[in-house]
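Chemist: Pasting the sequence and the predicted coordinates here, then a few questions.
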Amino acid sequence: MATTPNGNLVELKNVTKTYYRDKNPVPVLQGIDLTIREGEFVALMGPSGSGKSTLLNLIGGIDTPTQGEVRVAGESLGSLKPGKLAAWRSRHIGFIFQLYNLIPVLTAYQNVELPLLLTRLSAADRKKRVLFALDLVGLEGRAKHFPRQLSGGEEQRVAIARAIVADPALLVADEPTGDLDAKNAADILLLLQRLNAELKKTILMVTHDPHAAEKAQKTLHLDKGVLQP
Amino acid sequence: MKYLRLIVANLLRSKRRTFLTIFSIAVALFLFCTLRTVITSFEASLRASEATRLVVRHGASLVFPLPLSYRERLAQVPGVTGVSYGNWFGGFYQDPKNQFAQFAMDVPTMFDLFPETVMPADQVRAFQTERTSCVIGRQLAKKYGWKIGDTVPIIGTIYPGEWRFTVRGIYAGKTRDTDENTLFFHWDYLNESLPEGRKNYVGIYWLRIASPSMAASVSQRVDAMFENSSQPTKTETEKAFQAGFISMIGNVQLLLSILGSAIVFAIMLVTVNTMMMAARERTTEIAVLKTLGFSDGLILRLVGGEALLVSLLGGILGCGLAALIFHQTDFTGGGFFPNFRVLPATILTGLGLAILMGLLSGIAPALTAARLRIANALRKVA
């Protein structure tokens, strides 16, 4: 895994993001400086509209900053063309969404396999990895189930299996427990802690929930587009 | 191939919509193949025309007959090496739906003038010696299950009444383009059955000429010979006659081509709309795939591939059904299209059109999907 010499997996320097609504600039992030070390589990908190998801998107390589540099896993994302950036995402980032975002017409197995379709792995190797990931999230017996046949907690666990199946360096989770009841939310947080502790996955998790943030090793606060000290 | 499962899964998302789209494309291409086959069957008729055969008919219209007495004078025109004649009978078998071509022919000269009609010598002899006999084409025999010795009753429309013919021969065409769906019987049998006023008249004369290069001069000579008579003639090559016969119903080729193109174009617009709708409904899923690392190019191919697969399946269904139905039913359009066969070239053209439809209908949704900005798409949902 490529990190900076000082062991940082994520480095943001003076990052600004501005959206335009009817040609009017709407600043979302302002002068963000941030580092996340390899193996850290970081929670990102802040009120609605504070720019949490935007920051997550910039680090995940699905959006570009208006200004500043975003360096993740040794790569300066601003220098990558869209095709290269897509390939980079598939290798280095695992995404976990609040609403799971599984493909409804694919089974749990097929959903988890999606990132591996982009690799040169054989069907047999893909199968091994998918079953391993499903086993890790405790859903090996649900491989042939479609999302509509799973509970919310199970869907999120399939989404986590999909996020880790390609063995990415960084997991970015946008409110992963936001749509779950307390029991399932606790299970998912426990799973994320396990991934961090046992598989040494670096995790950046956006959350509104202080209890969820407690599970992380470090909590960052964002307000009006500015990281609070 | 590993992405095919993804394409198929997306198509099966709304089975009814996918089926209806495939069905509408199939209908369009079925109609295209049918209309195209009308054109190719006309062309086959023209190809089957002999360059050394001229057709002589009444100068005013095909519906007026010519006197039998012209035969001797036609035979004496320099360059003419043979003369035969016949009448269009225009009947049907049992039911008006069972239409096919019937000709009353001058049997002694018929096989000499039409060497492309091939039949065993004993069958030719049997036909020549029995006035109420007939010969039928191989396809016609197959269609109605007729065999030698069967009696075939034909209900006349131009020549009213029930006419019974005994099958004494089954002919085959020398080439693929030769019509094998016609019944030929004795002109003498027809003539002797007619009332006095209608006797000894001929619908068409066929002349065999020594060389194709003599067609123009012989035609001019013949028409000049009868120019000032009460029954003037119009002489032309068999090919020109066939083409003129076809043009009697207008510029068929142009009309059918426009019709076929319009149908395909209309269905293509429907398909574009359907594929756009299908892609729009999946904005979030496409954004998720892109988040996972699916490149713009791959998304373009996946969404475009769906349109292509739908169109191709519709094309295979439509063209396949056309080929199968017209082959199984031996359709001849009441005898007007004796060579009504869906040619491999027509099927290939149809499939080519299906692919083109797929590409054109898939390009807009595929480009929209490929250009989708992940952050925007995900923000709309959140």
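Modeler: Here it is on my side, so go on.
Chemist: so what's the residue in the stretch 251-382 of chain B that chain A sits nearest to scoring on pLDDT?
Modeler: Relative to chain A, the nearest point of the stretch 251-382 of chain B is B:Gly293 (2.4 Å; CB to the nearest CB). To be clear about C-beta, it is placed using only N, CA and C from the backbone, and glycine gets the same treatment. For B:Gly293, the pLDDT comes out at 94.
Chemist: Can you tell me how far it is from B:Phe42?
Modeler: B:Gly293 is 56 Å from B:Phe42, where distance means CB to CB, to the nearest Å.
Chemist: of these two, who's got more company?
Modeler: B:Gly293 (25 against 21; other CB atoms under 10 Å in any protein chain shown).
Chemist: Would you verify that A:Tyr19 is located in a strand?
Modeler: Yes - counting by DSSP: H, G, I helix; E, B strand; the rest coil, A:Tyr19 is found in a strand.
Chemist: my guess is it meets A:Val26, correct?
Modeler: Yes - with contact defined as CB atoms under 8 Å, A:Tyr19 counts as touching A:Val26 (4.7 Å).
Chemist: and those two? which has more neighbours close in?
Modeler: When neighbours are counted by other CB under 10 Å, A:Tyr19 comes out ahead of the other of A:Tyr19 and A:Val26, with 16 against 12.
Chemist: who touches that one in this structure?
Modeler: A:25-26, A:28 (CB atoms under 8 Å, 6 or more residues apart in numbering or on different chains).
Chemist: sorry, back to before: apart from its neighbours in sequence, what residue is nearest the residue of the stretch 251-382 of chain B closest to chain A?
Modeler: Residue nearest to B:Gly293 in three dimensions, not counting chain neighbours: A:Ser90, with 2.4 Å by CB to CB, 6 or more residues apart in numbering or on different chains.
Chemist: how about the residues of chain A near chain B?
Modeler: A:53-54, A:57, A:60, A:62-63, A:82-83, A:86-91, A:95, A:97-99, A:101, A:103-106, A:110, A:114-115, A:117-118, A:123, A:162, A:174 (CB under 8 Å from any CB of the partner chain).
Chemist: related to what we said a few turns ago, so of the contacts of A:Tyr19, which ones are in helices?
Modeler: Among the contacts of A:Tyr19, DSSP state H puts none in helices.
Chemist: Now do the strands in chain B.
Modeler: Using DSSP state E, the strands of chain B run over B:53-58, B:66-67, B:80-88, B:91-92, B:101-105, B:117-118, B:133-137, B:151-156, B:161-173, B:182-186, B:201-202, B:204-209, B:233-237.
Chemist: Out of these, which one sits most buried?
Modeler: With neighbours defined as mean count of other CB atoms under 10 Å in any protein chain shown, the strands of chain B peak in mean count at strand B:133-137, which reaches a mean of 26.
Chemist: Distance from the chain centre to the lengthiest helix in chain A, please.
Modeler: Identified as the longest helix of chain A according to DSSP H is helix A:182-198. Offset of helix A:182-198 from its chain centre (CA atoms, centre = their mean, to the nearest Å): 14 Å.
Chemist: Which secondary structure elements does that helix sit against?
Modeler: Applying 3 or more CB pairs under 8 Å, 6 or more residues apart in numbering or on different chains; DSSP states H and E, one finds that helix A:182-198 contacts strand A:41-45, helix A:152-164, strand A:170-174, strand A:202-206.
Chemist: And the residue in chain A that chain B sits nearest to, how close does it get to A:Ala161?
Modeler: Per CB to the nearest CB, A:Ser90 is where chain A lies closest to chain B, at 2.4 Å. Using CB to CB, A:Ser90 is found at 16 Å from A:Ala161.
Chemist: swap in B:Gly137?
Modeler: In terms of CB to CB, B:Gly137 sits 69 Å off from A:Ala161.
Chemist: what do you get for B:Trp163?
Modeler: Taken as CB to CB, the span from B:Trp163 to A:Ala161 is 81 Å.
Chemist: re earlier: the helices and strands packed on helix A:182-198: which one's closest to B:Leu256?
Modeler: Closest of these to B:Leu256 is helix A:152-164, at 53.5 Å (criterion: CB to CB).
Chemist: In terms of secondary structure, what does that closest one contact?
Modeler: Using 3+ CB pairs under 8 Å, 6+ apart as the contact test, the elements touching helix A:152-164 are strand A:93-96, helix A:108-117, helix A:123-136, strand A:170-174, helix A:182-198.
Chemist: what distance separates the third one from the centre of its chain?
Modeler: Helix A:123-136 has its average C-alpha position 20 Å from the chain's average C-alpha position, going by CA atoms, centre = their mean.
Chemist: Then the shortest one?
Modeler: Computed by CA atoms, centre = their mean, the separation of strand A:93-96 from the middle of its chain amounts to 3 Å.
Chemist: Reformat the strands of chain B as JSON lines; add mean pLDDT and distance to chain A.
Modeler: As requested, these are arranged in JSON lines below (pLDDT from 0 to 100; distance: least, CB to the nearest CB, whole Å):
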{"stretch": "strand B:53-58", "mean pLDDT": "93", "distance to chain A": "64"}
{"stretch": "strand B:66-67", "mean pLDDT": "95", "distance to chain A": "72"}
{"stretch": "strand B:80-88", "mean pLDDT": "95", "distance to chain A": "61"}
{"stretch": "strand B:91-92", "mean pLDDT": "92", "distance to chain A": "55"}
{"stretch": "strand B:101-105", "mean pLDDT": "94", "distance to chain A": "55"}
{"stretch": "strand B:117-118", "mean pLDDT": "91", "distance to chain A": "58"}
{"stretch": "strand B:133-137", "mean pLDDT": "96", "distance to chain A": "54"}
{"stretch": "strand B:151-156", "mean pLDDT": "95", "distance to chain A": "59"}
{"stretch": "strand B:161-173", "mean pLDDT": "95", "distance to chain A": "53"}
{"stretch": "strand B:182-186", "mean pLDDT": "96", "distance to chain A": "56"}
{"stretch": "strand B:201-202", "mean pLDDT": "95", "distance to chain A": "71"}
{"stretch": "strand B:204-209", "mean pLDDT": "94", "distance to chain A": "65"}
{"stretch": "strand B:233-237", "mean pLDDT": "93", "distance to chain A": "63"}
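Chemist: which one of the ones you listed lies closest to B:Ile286?
Modeler: That would be, of the strands of chain B and by CB to CB, strand B:161-173, which comes in at 56.7 Å.
Chemist: Put the alpha carbons of that closest one into CSV.
Modeler: Extracted in CSV, the C-alpha atoms of strand B:161-173 (Å, rounded to 0.1, in the frame of the first residue of the first chain):
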residue,chain,number,x,y,z
GLY,B,161,-67.5,-22.6,-63.8
GLU,B,162,-65.7,-25.5,-62.3
TRP,B,163,-62.8,-26.8,-64.4
ARG,B,164,-61.4,-30.2,-63.6
PHE,B,165,-57.9,-31.1,-64.6
THR,B,166,-55.9,-34.3,-64.1
VAL,B,167,-52.4,-33.9,-63.0
ARG,B,168,-50.1,-35.6,-65.5
GLY,B,169,-46.8,-33.9,-64.6
ILE,B,170,-44.9,-32.0,-62.0
TYR,B,171,-42.3,-29.6,-63.3
ALA,B,172,-39.2,-28.2,-61.6
GLY,B,173,-37.5,-25.0,-62.3
